[in-house]
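Participant: Quick one: sequence plus predicted model below, questions after.
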Amino acid sequence: MEKNIVLIGFMGTGKSSVGMKLAQKLKRQFVDMDKEIERITGLSVSNIFKLHGEIRFRSEEKLLSGKLACQSGLVIATGGGVVLEQENIDVLRRNGILICLQAGAQEIFERVSRRRGTRPLLKKDLRLEDIEDMLKARESFYAQARYQVNTSHKSPEQVSNEIIGLLKNSER
Ligand code: S3P
């Protein structure tokens, strides 16, 4: 049974674009958790937060983590906050290899500022320090991944090749 490849990491580190590329290269099915939650609920992530609150979104994330962990051979791009629930990390790790994508605070700040409207946790007057604070608060959760991969100034193509290399070496 092929383990899932689970991409975790902060917003704007490239989980969705790298995940899509990686799945293409490995000929695996790709699941973007945010998109899947939008499909299941019929609401955008922003609207789930707005209409039902973060708690509802986190409970959808938890349900979906459990469901995906029962499947194998997937490439999964998680939402940046899935790791805030230790149970999600544990369940996804049971049948998956956790890979954390990283980028510097400045680069994350620039990337998310371009599409801030789709990310309800980021306020309108977002500052670099807010990103630094959130990164710090989440550090210990992201550190639980088997591999850390820096995506700064790299294309999804480069990052996915790097991940394929790591996975090959770990098979030896
Ligand atoms: C979140 C990250 C988002 C999305 C939601 C909450 C977070 O996903 O799940 O807005 O708590 O970090 P991306 O990491 O894909 O932006």
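Facilitator: Structure received. Computed from a predicted model, the values in this text were never measured in an experiment.
Participant: Could you use CA atoms for every contact and neighbour count after this?
Facilitator: Noted.
Participant: can you give me how far the helix or strand hosting K50 is from the chain middle?
Facilitator: In this assignment (DSSP states H and E), K50 forms part of helix 45-52. The chain centre lies 19 Å from the centre of helix 45-52; the measure is C-alpha atoms, centre = their mean, to the nearest Å.
Participant: Flag every buried residue along that helix.
Facilitator: The neighbour-count check on helix 45-52 (16 or more other C-alpha atoms under 10 Å) flags V45, S46, I48, F49 as buried.
Participant: Let me know the next secondary structure element after it.
Facilitator: Next along from helix 45-52, by DSSP H and E: helix 54-69.
Participant: In CSV, list the C-alpha atoms belonging to that following helix.
Facilitator: Extracted C-alpha coordinates of helix 54-69, given in CSV (Å, rounded to 0.1, in the frame of the first residue of the first chain):
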residue,chain,number,x,y,z
GLU,A,54,-13.5,29.1,12.2
ILE,A,55,-14.7,26.3,14.4
ARG,A,56,-16.9,24.9,11.6
PHE,A,57,-14.0,25.1,9.2
ARG,A,58,-11.7,23.3,11.6
SER,A,59,-14.3,20.6,12.1
GLU,A,60,-14.6,20.1,8.3
GLU,A,61,-10.8,19.9,8.2
LYS,A,62,-10.8,17.2,10.9
LEU,A,63,-13.5,15.1,9.2
LEU,A,64,-11.7,15.3,5.9
SER,A,65,-8.3,14.4,7.5
GLY,A,66,-9.8,11.2,8.9
LYS,A,67,-11.4,10.4,5.6
LEU,A,68,-8.2,11.0,3.6
ALA,A,69,-6.1,9.0,6.0
